[in-house]
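S.K.: What follows is a predicted protein model with its sequence.
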Amino acid sequence: MRRLALNPYASGLSLLARRELTSSQLRDRLNRKGFTAKVVDHTIQRLTKEGALDDRRTAEIYARRAALIKHRGPRRAILDIEAIGVAREIARDAVSQVYKEVDTQLIIHRALNRRLTGRVRDRAHFQKLYQYLVRQGFDGSLAYSVLKTHSTDGTCPED
């Protein structure tokens with residue numbers, strides 16, 4: 001274990017063996033271990049060149065988790081991926097790729113089922129659920145149409 005603390009490359013591999021990390025996340029962790037910025041940059045370049053570190057692959061993993069496990073919409077997935085240090089273009093590409101492969105209707109219904117049991121009771125309830133779905137990253141028109149199917153007569157706001 002002591003040798004890992006002296007070798008930034010081995011430390012980086014050890015961190016990546018536990019879970020996928022972005023370049024930014026790995027840089028932060030190696031800096032916290034006390035390695036110099038120059039050594040960290042060299043280590044990140046080496047790990048990237050060897051394929052052990054890949055922001056695009058990490059972004060796709062996070063996008064897939066956002067869609068299939070967390071039941072989030074594409075907008076929220078992009079924001080979450082950018083928050084871990086992935087460039088906006090890479091985040092958008094990864095989310096676009098993943099959301100082409102999954103059924104967005106199924107994802108939004110699963111997200112809604114976390115908050116809704118039964119039908120939408122009234123307009124206030126409709127608005128609360130609508131805001132929840134939009135915060136989860138779903139398009140407003142999609143959220144509206146899905147909620148409308150779960151509403152009893154007169155509970156959705158006027159078109």
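M.R.: Received the coordinates, thanks.
S.K.: Only C-alpha atoms from now on, for both contacts and neighbour counts.
M.R.: Fine.
S.K.: And the helices in this structure?
M.R.: 2-6, 8-18, 23-32, 37-50, 55-68, 74-83, 88-101, 104-113, 123-135, 140-149 (DSSP state H).
S.K.: Tell me, domain by domain, which residues of the chain belong where.
M.R.: Structural domains annotated on the chain: 2-50, 55-102, 105-149, as defined by automatic domain parsing.
S.K.: tell me the mean pLDDT for the last one?
M.R.: Taken as a whole, domain 105-149 has a mean pLDDT of 93.
S.K.: Check the first one too.
M.R.: Computed over domain 2-50, the mean pLDDT rounds to 91.
S.K.: go on, the second one?
M.R.: The pLDDT scores in domain 55-102 average 97.
S.K.: so how far does it reach from one end to the other?
M.R.: 21 Å (Cα to Cα, to the nearest Å).
S.K.: what's the answer for the last one, then?
M.R.: The first and last residues of domain 105-149 sit 12 Å apart, counting by Cα to Cα.
S.K.: so how far is it from its chain's centroid?
M.R.: 20 Å (Cα atoms, centre = their mean, to the nearest Å).
S.K.: if we can go back for a sec, would you mind finding the most buried of the domains of the chain?
M.R.: The highest average neighbour count among the domains of the chain, using mean count of other Cα atoms under 10 Å, belongs to domain 55-102 at a mean of 19.
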